[in-house]
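Visitor: curious how this folds, go ahead:
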Amino acid sequence: MKLFSQKFHTAQIIDKISDWQDYRHSCVSTYSDSRRERVRTASHLSVVDWDIYNLNDFIFTHNTIVASVQSDKDGHTITESSVPSINANENAWLSDVLGPPTNIYKSFVGAENFYEHVQDFRLSKGKILDAVLRQVKNEGGEKVWYVDILVATNRRHRDLVSRISKKEIQTLSMGCLANITMCSKCGKTMRSDWDACQHMKYELGQPYLTDYGYQSKVAELCGLTGNSESCKFIEASWVENPAFQGAVVNHYISIPEARNISASNIINLQKETNGFKDINLCDANTLRHMRVADKRSMTALKLYVSELDRLSRQKRIGSIASQI
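Guide: Okay, the predicted model is just below:
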């Protein structure tokens, strides 16, 4: 399989909000020109409470967070040139899901900003204030989407903000709820783990020769074309090692009930919940649809759901035994 390298923006200091607005406008204009039509997208900045999100209390960053992939004629086989945009957990988003006509990228707006996917709202570092599509050509000349987000991180998190300012940490990782997924190899749509195809169970992440004569990769396509509720982005976390290498800080901008699923906090979660015994077992139904971009936290999430399943089985067995 041929591997491609992608080039991304380097970090720059930007002094005013108009720089983000100009950048947003240039992205929309590029998209409009490419389709030879006028495209209007509402800027969410107009509804931001700038008395709250101000320069004294927040640091603002412009980040690339996720990329789309193109599919071949069958609507699910990921093209060879798009394979590098599959993340480390073998998740991917089709261009017509991430962008028009489905536009699930918009769900980033208003989502939380965490550190290492520690999804406790009490530990939120800030908010995602805006999101915009950027059209890019990959190495094969295919047009794909990158999503850029405007992130406000509260300055009260001094250590984190200091590291961001010093460029010691420049990467973000997305978190989403994938209510419907599709196998990139066979095209089967799935609404739960129970109806997963054999490729999702045993071949995820493996290269294979497509019917079109090139090698692709078995990946889980999150979301479904035309269904904006099929996938929802719910957070973006500062991480040490991103799953999508494009998720880097592009610019620094100076302007006037989820569970803890971080790998580094699984032990603490066990203690807090009496060895998982105090956890609402219904949580597993939601968490099965959860996808996070960095591999360590995704592994922790799977272990977490597995433990909830074990406790659920014990509870059912105990209930049946008590009736015998």
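Visitor: going forward, measure contacts between C-alpha atoms and count neighbours the same way
Guide: Noted.
Visitor: list the contacts of H44.
Guide: Residues near H44 by CA atoms under 8 Å, 6 or more residues apart in numbering: 109, 129-130.
Visitor: closest to I86 out of those?
Guide: Comparing these against I86 with CA to CA places V109 closest, at 22.6 Å.
Visitor: so that closest one sits against L129, correct?
Guide: Yes - at 5.5 Å, V109 counts as touching L129 under the criterion of CA atoms under 8 Å.
Visitor: now the contacts of H44 in TSV, with secondary structure and pLDDT?
Guide: Shown next, in TSV, are these (DSSP: H, G, I helix; E, B strand; the rest coil; pLDDT from 0 to 100):
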residue	secondary structure	pLDDT
V109	coil	94
L129	strand	90
D130	strand	91
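Visitor: what subset of those is buried?
Guide: Buried by 16 or more other CA atoms under 10 Å: 109, 129-130, out of the contacts of H44.
Visitor: now render these as TSV, adding distance to T181.
Guide: Putting those into TSV (distance: CA to CA, whole Å) gives the following:
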residue	distance to T181
V109	22
L129	27
D130	25
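Visitor: show me what contacts S85?
Guide: For S85, the contact set (CA under 8 Å, 6+ apart) comprises 67-69, 92, 244.
Visitor: least confident of these?
Guide: Ranked by pLDDT, the contacts of S85 bottom out at F244, which has 65.
Visitor: from V239, how far off is H117?
Guide: Distance, H117 to V239, by CA to CA, to the nearest Å: 8 Å.
Visitor: who has more neighbours out of those two?
Guide: Higher neighbour count among H117 and V239: H117, with 27 against 20, using other CA atoms under 10 Å.
Visitor: doesn't S216 make contact with S184?
Guide: No - using CA under 8 Å, S184 is not in contact with S216, being 9.1 Å away.
Visitor: joint contacts of the two?
Guide: 77-78.
Visitor: between the two, tell me which one has more neighbours.
Guide: Here S184 and S216 are compared on neighbour count by other CA under 10 Å; more neighbours surround S184, at 27 against 24.
Visitor: tell me who's in contact with the more buried one.
Guide: Here S184 is in contact with 76-78, 217-221 (CA under 8 Å, 6+ apart).
Visitor: list phi and psi for it.
Guide: Note on S184: backbone dihedrals following degrees, to the nearest 10 are phi -70, psi -20.
Visitor: keep only those of the contacts of S85 that are in strands.
Guide: Among the contacts of S85, the members falling in strands (DSSP state E) are 67, 92.
Visitor: out of the contacts of S85, what pair is the most spread apart?
Guide: Spanning the widest gap among the contacts of S85 are V69 and F244, at 12.4 Å by CA to CA.
Visitor: more neighbours, those two?
Guide: V69 (29 against 24).
Visitor: is the more buried one bridged to anything, and to what?
Guide: Counting by DSSP bridges, V69 forms beta bridges with L94.
Visitor: would you confirm that it contacts D96?
Guide: No - V69 is beyond contact range of D96, at 9.1 Å (criterion: CA under 8 Å).
Visitor: helix or strand with the lowest mean pLDDT in this structure?
Guide: One helix or strand of the chain scores below all others by mean pLDDT, DSSP states H and E: helix 266-272, with a mean of 42.
Visitor: between the buried ones among the contacts of H44, which is closest to A152?
Guide: Comparing these against A152 with CA to CA places L129 closest, at 6.9 Å.
Visitor: from E235, how far out is that closest one?
Guide: 12 Å.
Visitor: try E142
Guide: E142 is 28 Å from E235, by CA to CA.
Visitor: could you check which of the two is surrounded by more residues?
Guide: More neighbours surround E235 than the other of E142 and E235, with 26 against 14 (other CA under 10 Å).
Visitor: need the pLDDT of the more buried one.
Guide: pLDDT for E235: 91.
Visitor: which residues does L133 bridge with?
Guide: Beta-bridge pairing for L133 (DSSP bridges): V147.
Visitor: could you say which helix or strand holds the spatially most central residue of the chain?
Guide: The chain has M174 as the residue nearest its centroid, 2.9 Å off, counting by CA atoms, centre = their mean. For M174, the host element (DSSP states H and E) is strand 171-178.
Visitor: pLDDT on that strand, on average?
Guide: Averaged across strand 171-178, pLDDT comes to 88.
Visitor: who does the next helix or strand after that strand touch, helix- and strand-wise?
Guide: Sequence order places strand 181-183 as the next helix or strand after strand 171-178, per DSSP H and E. Identification of packing neighbours for strand 181-183 by 3 or more CA pairs under 8 Å, 6 or more residues apart in numbering; DSSP states H and E yields strand 189-190, strand 220-222.
Visitor: the longest helix belonging to the chain vs strand 171-178, what angle?
Guide: What stands out as the longest helix in the chain, according to DSSP state H, is helix 295-323. In terms of direction (axes from the mean of the first three to the mean of the last three CA atoms, to 10 degrees), helix 295-323 departs from strand 171-178 by 30 degrees.
Visitor: the chain should start at 264 in everything you say after this.
Guide: All right, first residue 264 from here; so that's helix 558-586.
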